[in-house]
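Engineer: dropping the sequence and predicted coords here.
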Amino acid sequence: MAEDSQGRPKPRRRAATQLIHAASGPGELVRTVGPPVQRGSTVLVDRAAQLYDNASLTYGRQGLAAQAALCAALDELEGAAGTCLYPSGMAAVAGALLALLKAGDEVLVADCVYAPTRRLCDHLLRRYGVEVRYFDPCADAEAVIAQVTSATRLIMLESPGSLTFEVLDVPGIARLASERGVLTAIDNTYGAGLLFKPLDHGVDVSIQALTKYVGGHSDLFMGSASARDPAVLRRLQDGVLQMGWAASPDDAYQMLRGLRTLALRLEHHGSSAVAAAAWLRDQPEVSEVLCPALPGARGHDLFQRDFSGPCGLFGITLSPAPQSAVLAFLDALEVFGLGFSWGGFESLAIHCDPQLSHRTIPCGLKGPLVRLHVGLEALDDVIADLRQGLDAFARA
């Protein structure tokens, strides 16, 4: 018979109680190559005093084994003191900005940012008293810092821009901002924490939509924000706690699984994308290829300096033509799907002109803009599909 802590026999419990408490503990776990997936909202502590001990984990929303393992892996990848998880990439952007800004502050934002980031800035941040100003992503670091005022608390970066692929002088902006006491944050989803290391270049917060390349299979949502400075990290962590952000253990496990093959997948994405971009540059229907990894393209010198390689994302401007021709190009594609996301195993395409109307500073493009994500398909099939689309464009 079981005994209590004082060696006395425990009374036999009723069946209903036995069913509630049977096998509720983890027991001794064997070692596997991945972390255990703990599904739990309630966390049981050993002693009553631990309930209000801030050093103890007391609620599952804070993350259990799988989330902790993912954060540890991202810390190592990003060179961070700590990483916060969010339920989507957009939640990571929102969570970081809300944690670092308050009413009366000003944020300078690169004019090439992801459209939902602009929506957050133009609506939510302004509604809560944060002034938002956009700067030219083609400006040099000194010109960007010249726009800093006494109210500026943060500069929000994205490089390359997710539609128009401007490459910012991120190290220069981060260095000059730090000298002025201004924080910097970057949406580093393009670099995925592997191709570009923002924290190594002086940026305060590196944000990723893990949904994209870390997940890698277009079936998960999650975001992250990593920081090296403990004071900045504490603000991010407080924001997560106060806003109630949470990431599920199953999704964290899947993200960790995607992380294992990130380097191999990015190498294939990047090499195929640059090859496709080089081919497109020679096609008469294409006026410009916006692929900073391609020699001679806009931003190539900065890209070569700061990035260890490309991902699968780039843009093209087609020869001047009506929208019906652009739609004909896209509708003729078969290998490329039509969808807004990227970073998964599949090739995707969208037309971008409807989004460019929201830009503050004109892009100076000479034709309709199409964004392409080159997936893991065979390169010959990708190029043949693009040729099929260009033929339809020429006929339209």
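Structural biologist: All right, it came through fine.

Engineer: now do Glu33 against Tyr128, distance only.
Structural biologist: One thing to correct before we go on: residue 33 is Val, not Glu. As for Val33, its distance to Tyr128 is 45 Å (criterion: C-beta to C-beta, to the nearest Å). For the C-beta atoms, the positions are set from N, CA and C on the backbone; glycine is no exception.

Engineer: ok, Ala80 next?
Structural biologist: In terms of C-beta to C-beta, Ala80 sits 27 Å off from Tyr128.

Engineer: with neighbour numbers in mind, choose between those two.
Structural biologist: Comparing Ala80 with Tyr128 by other C-beta atoms under 10 Å, the one with more neighbours is Ala80, at 23 against 12.

Engineer: distance-wise, check the more buried one relative to Val326.
Structural biologist: Separation of Ala80 from Val326 (C-beta to C-beta): 41 Å.

Engineer: show me where this protein has its strands.
Structural biologist: Secondary structure of the chain (DSSP state E): strands at 82-86, 106-110, 131-135, 152-158, 183-187, 205-209, 223-227, 286-290, 313-318, 337-338, 348-351, 369-373.

Engineer: spatially nearest residue to Ser218, not counting backbone neighbours?
Structural biologist: Using C-beta to C-beta, 6 or more residues apart in numbering and skipping residues adjacent in sequence, the residue nearest Ser218 is Gly344, 3.3 Å away.

Engineer: list the contacts of Pro368.
Structural biologist: By C-beta atoms under 8 Å, 6 or more residues apart in numbering, Pro368 lies in contact with Thr317, Leu318, Pro320, Ala321, Gln323, Ala325, Val326, His351, Asp353.

Engineer: now the phi/psi pair for it, please.
Structural biologist: Backbone torsions for Pro368, taken as degrees, to the nearest 10, come to phi -60, psi 140.

Engineer: does Glu78 touch Leu199 like I think?
Structural biologist: Yes. Counting by C-beta atoms under 8 Å, Glu78 does reach Leu199; the two are 5.8 Å apart.

Engineer: who has more neighbours, those two?
Structural biologist: Each of Glu78 and Leu199 has its neighbours counted (other C-beta under 10 Å); Glu78 has more, 24 against 21.

Engineer: how close does the more buried one get to Phe165?
Structural biologist: Distance from Glu78 to Phe165, by C-beta to C-beta: 23 Å.

Engineer: quick check, pLDDT for Pro292.
Structural biologist: Note on Pro292: pLDDT of 98.

Engineer: tell me, how many residues neighbour it?
Structural biologist: Count around Pro292 with other C-beta under 10 Å applied: 25.

Engineer: next: Tyr52.
Structural biologist: 9.

Engineer: same question, Trp279
Structural biologist: Trp279 is flanked by 16 other residues according to other C-beta under 10 Å.

Engineer: wait, what's in contact with it?
Structural biologist: By C-beta under 8 Å, 6+ apart, the residues touching Trp279 are Ile383, Leu386.

Engineer: quick one: it and Leu266, what's the gap?
Structural biologist: 20 Å.

Engineer: cool, and Tyr128?
Structural biologist: Taking C-beta to C-beta, one finds Tyr128 at 37 Å from Leu266.

Engineer: in this structure, where is pLDDT below threshold?
Structural biologist: Along the chain, segments meeting pLDDT under 70 span 1-7, 19, 26.

Engineer: what about the longest helix seen in it, distance to the chain center?
Structural biologist: Among the segments of the chain that qualify as a helix by DSSP state H, the longest is helix 262-281. Distance of helix 262-281 from its chain centroid, counting by C-alpha atoms, centre = their mean, to the nearest Å, is 19 Å.

Engineer: can you give me the angle that helix makes with strand 313-318?
Structural biologist: Helix 262-281 and strand 313-318 are oriented at 10 degrees to each other (axes from the mean of the first three to the mean of the last three C-alpha atoms, to 10 degrees).

Engineer: identify each buried residue in helix 262-281, please.
Structural biologist: Residues 262, 265-266, 268-274, 276-277, 279-281 are the ones in helix 262-281 that count as buried (16 or more other C-beta atoms under 10 Å).

Engineer: relative orientation of it and strand 369-373 in degrees?
Structural biologist: If you take the same axes, to 10 degrees, helix 262-281 sits at 140 degrees to strand 369-373.

Engineer: quick check: angle from helix 262-281 to strand 286-290?
Structural biologist: Helix 262-281 and strand 286-290 are oriented at 150 degrees to each other (the same axes, to 10 degrees).

Engineer: just the buried residues of stretch 316-333, please?
Structural biologist: Using 16+ other C-beta under 10 Å as the test for burial, stretch 316-333 gives 316-319, 321, 325-330, 332-333.

Engineer: cool, stretch 378-385 as well?
Structural biologist: Judged by neighbour count (16+ other C-beta under 10 Å), stretch 378-385 contains these buried residues: Val382, Ile383, Asp385.
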